[in-house]
Structure formats: C-alpha cells, structure tokens
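Enquirer: structural data only, the sequence is not supplied:
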C-alpha cells in the first residue's frame with residue numbers, strides 16, 4: 001500500500017535509504033553518506049512530499065518529491081524487481097506532467113530502473129561534494 005509518510009516513519013525511511021544507498025552507491029565516501037543521512041532526517045524528508053510503500057506495517061520503499069523532481073526513490077533490495085519502484089513512480093506521475101531525476105552515473109541500479117521506465121538524458125554534470133558525475137534525466141508523457 002502507498003501512503004503519505006508520517007513523522008513516526010522517519011527511522012524506517014532512513015533505514016530503507018541507508019540500505020539502498022549502500023547498495024547503489026558503493027563509490028561514495030562514508031563522510032558524504034553520513035552528511036546526507038543527517039540531511040535526510042533534518043532537511044530533505046521534512047521539506048519534500050514523501051510517500052511510502054508499506055507492507056504488513058513495514059516500510060519497504062519510498063519516493064520523495066520536490067515539485068516534479070524525484071529527490072529520492074529507494075526500495076529494500078529483497079523487494080527489487082517486484083514492481084514497487086514502478087508503482088511509486090506511477091503514483092507520483094498522477095500529479096505531474098513530467099518528472100525529472102538526478103542519478104549518479106556509477107549508480108547502475110538506479111540508471112537501469114530509470115532507463116527501463118523511459119527517462120531520457122537531459123544533461124550531465126560533476127557533483128562537487130562527492131566528486132562524481134551525475135546524470136539529469138526527464139520523463140515526458
């Protein structure tokens with residue numbers, strides 16, 4: 001079931017994010033990951049529209065939106081390839097004419113998902129904080 005997150009969901013959201021980020025971003029330095037985790041709790045989740053995918057009262061995935069941009073989309077690895085990420089993107093598509101997302105070039109899991117979904121490259125740039133290439137993608141429909 002997809003529902004809007006509640007403040008009491010934050011620990012489970014952070015757990016899903018940390019596990020997913022560790023899997024998808026093994027190239028990121030620990031200090032950068034810890035900074036992002038702090039920002040997730042204090043800045044990103046409170047200032048975004050976040051929906052969770054819940055099964056048996058457990059958060060197994062979430063999507064966070066900043067207007068039409070996917071700020072975060074993470075699903076626990078044991079639930080990958082079960083359509084949960086697609087359901088979350090389909091859910092937010094109802095509110096937007098187009099979607100955008102930034103994904104690290106080295107994030108093969110995220111890139112494969114967005115490619116399969118039909119996102120197209122808009123541009124690329126160097127993410128100065130992590131010293132990694134980032135791809136900005138767009139989905140028009």
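Expert: Looks like it came in fine. Remember, predicted model here, so these are calculated numbers, not experimental data.
Enquirer: hmm, residue 122 is touching residue 102, no?
Expert: No - the pair residue 122 / residue 102 is not scored as a contact, 9.6 Å apart, by CB atoms under 8 Å. The C-beta positions use only the backbone N, C-alpha and C, and glycine is treated the same way.
Enquirer: between those two, which contacts overlap?
Expert: With contacts taken as CB atoms under 8 Å, 6 or more residues apart in numbering, residue 122 and residue 102 have 136, 137 as neighbours in common.
Enquirer: those two - which one has more neighbours?
Expert: Set residue 122 next to residue 102 and count neighbours by other CB atoms under 10 Å: residue 102 wins out with 17 against 12.
Enquirer: now the most far-flung residue of the chain relative to its centre. Its backbone dihedrals?
Expert: For the chain, the residue at maximal distance from the C-alpha centroid (CA atoms, centre = their mean) is residue 56, at 21.6 Å. When quoted as degrees, to the nearest 10, the phi and psi of residue 56 stand at phi 50, psi 50.
Enquirer: cool, residue 37 as well?
Expert: Torsion angles, degrees, to the nearest 10, at residue 37: phi -60, psi -40.
Enquirer: follow-up on the earlier one: quick check: the residue farthest from the centre of the chain vs residue 71, distance?
Expert: Distance, residue 56 to residue 71, using CB to CB, to the nearest Å: 26 Å.
Enquirer: what's the answer for residue 50, then?
Expert: Residue 50 is 9 Å from residue 71, where distance means CB to CB.
Enquirer: spit out the residues that contact the two alike.
Expert: Joint contacts of residue 50 and residue 71 (CB under 8 Å, 6+ apart) are 64, 65.
Enquirer: look at the residue farthest from the centre of the chain and report its pLDDT.
Expert: Looking at residue 56, its pLDDT is 94.
Enquirer: residues contacting the helix or strand of the chain with the lowest mean pLDDT, please?
Expert: One helix or strand of the chain scores below all others by mean pLDDT, DSSP states H and E: helix 30-39, with a mean of 92. By CB under 8 Å, 6+ apart, the surrounding residues in contact with helix 30-39 are 14, 17, 18, 21, 22, 25, 129, 130.
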